[in-house]
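K.L.:
Can you look at this prediction? I've put the sequence above it.
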Amino acid sequence: MSAATIPPSPAVETPATVPLHGWGRTASTRAHLTAVDSVADAVAALRHAGSRGVIARGLGRSYGDAAQNGGGVALDFTRLNRILTLDAEGEPPTVVVEAGVSLDALMKAALPLGLWIPVLPGTRQVTVGGAIGADVHGKNHHTQGSFGDHVLSMDLLLADGEIRTLRPEGETARLFWATVGGMGLTGLVLRATIALQRVESAYFSVDTDRTRDLDDLLERMSTGDDAYTYSVAWFDAVTRGRHLGRAVLTRGNKARLDELPAKLRRDPLKFTAPAFGTIPDVFPNGLVNRATGKAFSEFWYRKAPRHRVGEIQNITQFFHPLDIVAEWNRVYGSHGFLQYQFVVPFSAEDAFRRAVVMIAESGHVSCLNVLKRFGPGNLGLLSFPMPGWTLTVDLPITDGLDRLCRQLDELVLSEGGRNYLAKDSRLTADTFARMYPRLQEFLAVRREVDPDGVFRSDLSRRLGL
Amino acid sequence: MDALGNPRSVLLLGGTSDIALAVARRYGASGAPRPRLVLAARPGERRTGVAATLRGEGFEVGEVDFEARRPETHAATVEQAFAEGDIDVAVVAFGILGDAERAWVDAEHALELAEVNFTAPVHTGVLLGQAMSRQGHGQIIALSSVAGERVRRSNFVYGSTKAGMDGFYLGLGEALAPHGVKVLVVRPGFVRSKMTEGMDPAPLSVTPEQVAEQAVAAARAGKELIWVPGAFRWVMTVLRHVPRVLFRRLPI
Ligand SMILES: Cc1cc2nc3c(=O)[nH]c(=O)nc-3n(C[C@H](O)[C@H](O)[C@H](O)COP(=O)(O)OP(=O)(O)OC[C@H]3O[C@@H](n4cnc5c(N)ncnc54)[C@H](O)[C@@H]3O)c2cc1C
Ligand SMILES: NC(=O)c1ccc[n+]([C@@H]2O[C@H](COP(=O)([O-])OP(=O)(O)OC[C@H]3O[C@@H](n4cnc5c(N)ncnc54)[C@H](OP(=O)(O)O)[C@@H]3O)[C@@H](O)[C@H]2O)c1
């Protein structure tokens, strides 16, 4: 053999890659993370896209691999974060923002004017681009729909460099609804116009109930939710037997001025976000186990009042108790965790019960279990919400978790339900395709606007998108 | 790779190796999704048979031609292996045991051992490393041997080739780490596979399935070096330090 016949291997492209992972801290890959400071930057990044493609990244709060792109380019949008115009007088009031602005920053800017963001997920540390990409929902989904329902228009930078303004109706509607929930795979959202709502205060009038068991909970939510704009239940998925699924149900409405105590009425729109610090990166694997999980669940359940009405809570208390501590995901240790969120139609209540039993009896410990009733879905081709029960569980990565997740997948599939892509980090292409009936329509749009597959992510490769 | 450490695609270099196949099956066990497999091996009945069996078990299987002794074809082999999509895990498991007593008198046979067990693993290792760096992730599982850890008279040609490839893959792991690529070196003892058919099993012998179980667990944990069975780690630590005068008297 002669050395001359051996083809030379190209050198490793450029060492300027960084490891990226989602909030679950699993399956990290390295990508060229490029900051976008202007529209020109984004256009330039597209022009230089290599064979591994480009994906937009917001604040990285999706749990899995949606905003990472191994070997390719991940465009960091968080510096494209200006609030361009805020029209408080309009009907509805509106705001025009760049896609990298966080809902936290937007909320802080809007609130003093008596304006409110219609949809907030469980953390405000998400960008508008990410909120559109995943079509996020909040605990008011049953009354307000998801984030995409409040987007009046957006500017999308397409693979060929064109910038198109999309609206939910008319000739651009198809691309609009492919982009809402499209996980960044139709193009780069540069800016958006969002309809806001008016509020009299930064407080909520909240009713809390402790429910005995799962049946009690489902019953109360089915009959009572309509009286509240916001409704969500935390429930115990560790305790088995008679009290299986016991829960703390919190429901509320925006507090009117006349509901506030005199002290708060003086400055009703005041909001100060407490932040108690960052969790250090020193947690061992296995800290969240059956014993600690049980203790936590017991504590959470007991600390809630059995029944209390009309409590005035501030934003952090009501929405984002977890935002107080940055990077709390570190308590799961280096193996990380996954969040499993699915929805099944209301008709599948039995299957839903079986899922809860399956989780509680699996021996896998989930402390943060959130149950919610979804209202009607929207036209988003890959949008997650649909009318039904949605359940979210947080599971530390341990042996045997594959089996539990597969069983849950099967159950969800058999009832015509689906899993949430913003949380997913493990579905197979095949299972995913069976969960999203409008996938082919989405792929058709994608072929039209991005025939060469410039927009790619680890998620898109995993799911064949 | 998914959040649970399951590769969605596995490349077997030495696509008919008993150990490599056991690794592939191990990855698809315990409720994990079955990975897409790419068998890189010499064309022929063995590869065809293995591919058919795996398809029968429900695996999606691709086949790619690979001849260790023809380095000029390796780049094409690796390129084809990555053509259908990312490779999450590559198992480097081709190798020959050879005839120990012929190998040190027959230069051609020695060259064959050196090429198959050392030159080709180095050459394909570089190509794999480059391909995985380009995708920003990946893991290589390299089948070394305890025979390379302290080379002994009874099979020193084989042992020396394994010593060389072992050192190369350990170093490759260091070099590739900043590029998101991991390398696991596996040092089995005596494995009851095709390679050792007809031989009397040595002490601490294991099955390909046992090697696979340990290798997959270690790969999931992100380890860089393991012995199978684990006891070999300590056996070898002792053997490494036995003075030559004593070592040559040992019945091994
Ligand atoms: C503690 C916590 C609680 C959560 N609670 C909820 C909840 O209650 N409801 C809910 O729906 N979700 C919830 N989430 C998930 C989160 O809201 C979504 O994952 C959201 O998409 C994250 O936004 P991000 O800016 O971090 O986006 P990233 O995670 O960075 O990206 C998410 C997706 O959006 C795409 N994207 C980002 N920016 C753009 C852009 N400019 N143009 C095009 N595409 C873009 C990305 O490509 C990617 O596919 C929660 C997450 C956490 C960590
Ligand atoms: N078995 C043991 O006791 C033992 C112990 C320690 C380490 N190991 C190592 O583990 C690895 C796998 O061994 P195994 O036990 O699985 O043995 P095996 O079943 O015999 O597999 C060896 C593989 O090498 C391939 N091969 C041999 N020469 C080749 C060539 N010129 N070009 C391409 N492929 C070639 C074979 O392919 P064909 O089908 O085309 O021949 C076969 O797939 C080897 O590296 C071996 O050295 C084995």
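P.N.:
Right, received. Where do you want to start? Predicted model, so just to flag it, every value in this text is computed and none were measured. Ligands and ions are numbered 1, 2, ... in the order given.

K.L.:
Touching, residue B:113 and residue B:156? I think so.
P.N.:
No: at 10.5 Å, residue B:113 does not count as touching residue B:156 under the criterion of CB atoms under 8 Å. C-betas here are computed from N, CA, C, even on glycine.

K.L.:
Which of the two has more residues huddled nearby?
P.N.:
Between residue B:113 and residue B:156, residue B:113 has the larger neighbour count (other CB atoms under 10 Å in any protein chain shown), namely 24 against 15.

K.L.:
now the more buried one: how far from ligand 1?
P.N.:
Using CB to the nearest ligand atom, to the nearest Å, we find residue B:113 at a distance of 50 Å from ligand 1.

K.L.:
who touches residue A:297 in this structure?
P.N.:
For residue A:297, the contact set (CB atoms under 8 Å, 6 or more residues apart in numbering or on different chains) comprises A:236, A:237, A:238, A:239, A:367.

K.L.:
So which of the residues you listed is the closest to residue A:31?
P.N.:
residue A:367 (31.3 Å; CB to CB).

K.L.:
Need the pLDDT of the closest one.
P.N.:
According to the prediction, residue A:367 has pLDDT 79.

K.L.:
likewise residue A:49?
P.N.:
pLDDT, residue A:49: 88.

K.L.:
Skip the chain neighbours and tell me the closest residue to it.
P.N.:
For residue A:49, the nearest residue in space outside its immediate sequence neighbours is residue A:454; the separation is 5.2 Å by CB to CB, 6 or more residues apart in numbering or on different chains.

K.L.:
tally of neighbours for that neighbour?
P.N.:
The burial count for residue A:454: 21, using other CB under 10 Å.

K.L.:
show me what contacts it?
P.N.:
Residue A:454 sits next to A:46, A:49, A:53, A:54, A:159 when contact means CB under 8 Å, 6+ apart.

K.L.:
where's the first one, which helix or strand?
P.N.:
Spelled out, it's residue A:46. Residue A:46 is part of helix A:39-47 when elements are defined by DSSP states H and E.

K.L.:
what separates residue B:207 from residue B:17, distance-wise?
P.N.:
Between residue B:207 and residue B:17 the distance is 14 Å, computed by CB to CB, to the nearest Å.

K.L.:
For residue A:246, give me phi and psi.
P.N.:
For residue A:246, the backbone dihedrals are phi -60, psi 150 (criterion: degrees, to the nearest 10).

K.L.:
Quick check: it touching residue A:301?
P.N.:
Yes: counting by CB under 8 Å, a contact exists between residue A:246 and residue A:301, whose distance comes to 6.2 Å.

K.L.:
okay, and the common contacts of the two?
P.N.:
Looking at what touches both residue A:246 and residue A:301 (by CB under 8 Å, 6+ apart), the common residues are A:210, A:236.

K.L.:
is residue B:12 in a bridge, and if so with what?
P.N.:
residue B:39, residue B:91 (DSSP bridges).

K.L.:
what's the neighbour count on it?
P.N.:
Neighbours of residue B:12 under the rule other CB under 10 Å: 30.

K.L.:
quick one: it from residue B:21, how far?
P.N.:
Taking CB to CB as the measure, residue B:12 falls 7 Å from residue B:21.

K.L.:
Can you list the residue ranges for helices in the chain?
P.N.:
If you meant another chain, say so; for now it's chain A. With DSSP state H applied, chain A shows helices at A:39-47, A:103-110, A:128-133, A:141-144, A:173-179, A:214-224, A:262-265, A:290-303, A:315-318, A:349-362, A:401-414, A:429-435, A:439-449, A:458-463, listed in chain order.

K.L.:
The chain in question should be chain B.
P.N.:
If DSSP H is used as the criterion, the helices of chain B fall at B:18-27, B:45-56, B:74-81, B:100-103, B:107-114, B:120-135, B:156-176, B:208-220, B:232-241, B:244-247.
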